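Enquirer: Test case, fold it:
(chains A and B)
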Number of protein chains: 2
Amino acid sequence: MSGSTGTTARGPYRTGIRRREQIVATAITVFGEYGFAGGSIRTIADRVGVSHATLLQHFGSKEGLLTAVLQEWDRRTVEASLTDVAGLDYFRRLPEVMTAHLNNRGLLELFTTIAAEASSPAHPAHAFIQRRYTDNLATLATHLQQAVDAGEVAPLTPAEIEIEVRLVTAVLDGIGLQWLLDSSTDVTASVETYINRTIAAWSSGHR
Amino acid sequence: MSGSTGTTARGPYRTGIRRREQIVATAITVFGEYGFAGGSIRTIADRVGVSHATLLQHFGSKEGLLTAVLQEWDRRTVEASLTDVAGLDYFRRLPEVMTAHLNNRGLLELFTTIAAEASSPAHPAHAFIQRRYTDNLATLATHLQQAVDAGEVAPLTPAEIEIEVRLVTAVLDGIGLQWLLDSSTDVTASVETYINRTIAAWSSGHR
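Expert: Just a heads-up that it's a prediction; the model follows:
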């Protein structure tokens, strides 16, 4: 899907890659502002300063561009993910992870808007967003199970673990949305309050 | 903004009101599916079976239709609101209130999608959604302060109260979104777990 047709023409090849990155970055902003349904290819092309036809040459279709945007989102969040922490430490790091998202308002707005929009089964990102939630919930569940197995917290049934990881996810999503709507929202303190209280409840076995 | 030009012609007047209600109900569904930016007047008109021109006769513009949709949302949620409960009882009733929302997937999808989309300052519902969040957070804060004043829970500073009501709101929004994405989400049990644990923490003064 690169804009180049060969690797020998280094100049044009590089230009194609840069152009493609520019388009994806602009699409993140535009889809973040208007959603996927409301963000038009024409608006994105205009902002980048390329023609509608050039943009479609790079991505084939609006869905193709959305795929590239979601891949970019994946790439950036995987880089930022907590691959080196286990058990409760994973949860303890969440306030910091969430605070880091605030440096990238465009991506947070994109994800919040597309996730809401894609709750409709007909949306082209529906399967992507569903898989993203399933994967994320499974990762959180693995870490909470690790904490149980290590004796860091009192035992939890699988049903209880599912509720716990859904609540953590809800808090992160919901506080992110409130910050987008009102930047005075204290994201770090809110998430810390939630995580500290929850870890205390898990540890005491009073759920 | 009614479709009628007089009250003497009862037949046409009634037809106008019914038509208007039909358009608003369809707009709730379409904006819920595609967002406001992505939901077109033409789609709504086609589904209702009226012309584009007839629809605009009733609402003036797409923004006029959005206003009518948000007023309808307000009307339905005010009817369902907890005007008869004070202090902690208000929070204890939230699992039930949230469960009732599940009977109206269209409205939940509409609100979730528009709230995310309207986080962009340029969105026509931006001010409406901001005010809605401010009002809702203030209502929750009033009830939590009542609980403090009545000695139902340990004292909380205004900053602590703000964090608490933002977390409650985040949980309701976030669990609603997860249910839209995956209807196996146990909304009632999740919200109950959150509320019970939170009330226990407030009561013990261990926050």
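
Enquirer: Show the end-to-end separation of stretch A:118-128, please.
Expert: Start to finish, the residues bounding stretch A:118-128 are 9 Å apart (Cα to Cα, to the nearest Å).

Enquirer: Show me the contact partners of that stretch.
Expert: Contacts with stretch A:118-128, where a contact means Cβ atoms under 8 Å, 6 or more residues apart in numbering or on different chains, come from A:36-37, A:63, A:66, A:70, A:114, A:117, A:129-130, B:32-34, B:109, B:112-113, B:177, B:180-181. Glycine gets a C-beta too; all of them are placed from N, C-alpha and C.

Enquirer: just the buried members of those?
Expert: A:36-37, A:66, A:70, A:114, A:117, A:129-130, B:32-34, B:109, B:112-113, B:177, B:180-181 (16 or more other Cβ atoms under 10 Å in any protein chain shown).

Enquirer: Mind listing what's buried along the lengthiest helix in chain A?
Expert: Identified as the longest helix of chain A according to DSSP state H is helix A:10-38. Neighbour-count burial for helix A:10-38, counted by 16+ other Cβ under 10 Å, picks out A:13, A:16, A:19-20, A:23-38.

Enquirer: Stretch A:47-58 now?
Expert: A:48, A:50, A:55, A:58.

Enquirer: Check the residues you listed and tell me the two furthest apart.
Expert: For the buried residues of stretch A:47-58, the maximum inter-member distance is 10.1 Å, found between A:48 and A:58 (Cβ to Cβ).

Enquirer: what sits against the residue nearest the centre of chain A?
Expert: Geometric centre of chain A, nearest residue: residue A:111, 5.3 Å, by Cα atoms, centre = their mean. Applying Cβ under 8 Å, 6+ apart, we find residue A:111 in contact with residue A:73.

Enquirer: Which strand or helix spans it?
Expert: helix A:105-117 (DSSP states H and E).

Enquirer: okay, the angle between that helix and helix B:10-38?
Expert: 140 degrees (axes from the mean of the first three to the mean of the last three Cα atoms, to 10 degrees).

Enquirer: so how far is helix A:105-117 off the chain centroid?
Expert: Counting by Cα atoms, centre = their mean, to the nearest Å, helix A:105-117 is centred 8 Å from the centre of its parent chain.

Enquirer: what do you get for stretch A:187-199?
Expert: Relative to where its chain is centred, stretch A:187-199 has its mean C-alpha point 20 Å off (Cα atoms, centre = their mean).

Enquirer: For chain A, which residues score under the pLDDT cut-off?
Expert: Residues of chain A that meet the criterion pLDDT under 70 lie in A:1-10, A:78-82, A:206-207.

Enquirer: what domains does the record give for it?
Expert: For chain A, automatic domain parsing gives the domain ranges A:1-69, A:80-207.

Enquirer: what residues are shared contacts of residue A:48 and residue A:58?
Expert: Common neighbours of residue A:48 and residue A:58 (Cβ under 8 Å, 6+ apart) are A:19, A:23.

Enquirer: following the helix or strand residue A:128 falls within, which helix or strand shows up next?
Expert: In the assignment (DSSP H and E), residue A:128 maps to helix A:126-149. Heading C-terminal from helix A:126-149, the first helix or strand you meet, by DSSP H and E, is helix A:158-181.

Enquirer: Quick one: list the elements packing against the longest helix of chain A.
Expert: helix A:41-48, helix A:52-59, helix A:62-79, helix A:105-117, helix B:10-38, helix B:105-117 (3 or more Cβ pairs under 8 Å, 6 or more residues apart in numbering or on different chains; DSSP states H and E).

Enquirer: Put together a markdown table for those helices, with distance to residue A:141 on each row.
Expert: Converted to a markdown table, the helices and strands packed on helix A:10-38 look like this (distance: least, Cβ to Cβ, whole Å):
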| stretch | distance to residue A:141 |
| --- | --- |
| helix A:41-48 | 37 |
| helix A:52-59 | 35 |
| helix A:62-79 | 18 |
| helix A:105-117 | 19 |
| helix B:10-38 | 30 |
| helix B:105-117 | 24 |
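
Enquirer: out of these, which comes closest to residue B:83?
Expert: helix B:105-117 (19.4 Å).

Enquirer: Now do the closest one against helix B:158-181, angle only.
Expert: Interaxial angle of helix B:105-117 relative to helix B:158-181 (the same axes, to 10 degrees): 130 degrees.

Enquirer: Give me the angle between helix B:105-117 and helix B:126-149.
Expert: 100 degrees.

Enquirer: Just the CA atoms of helix B:105-117, as CSV, please.
Expert: This file holds the C-alpha atoms of helix B:105-117, laid out as CSV (Å, rounded to 0.1, in the frame of the first residue of the first chain):
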residue,chain,number,x,y,z
ARG,B,105,-30.4,1.1,22.8
GLY,B,106,-31.0,3.9,20.2
LEU,B,107,-30.9,6.6,22.8
LEU,B,108,-27.8,5.2,24.5
GLU,B,109,-26.0,4.8,21.2
LEU,B,110,-27.1,8.4,20.3
PHE,B,111,-25.8,9.8,23.5
THR,B,112,-22.5,7.8,23.5
THR,B,113,-21.8,8.7,19.9
ILE,B,114,-22.8,12.4,20.1
ALA,B,115,-20.9,12.9,23.4
ALA,B,116,-17.7,11.6,21.9
GLU,B,117,-18.1,13.4,18.6
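
Enquirer: measure residue A:156 to chain B for me?
Expert: Remark: distance between residue A:156 and chain B (Cβ to the nearest Cβ, to the nearest Å) = 11 Å.
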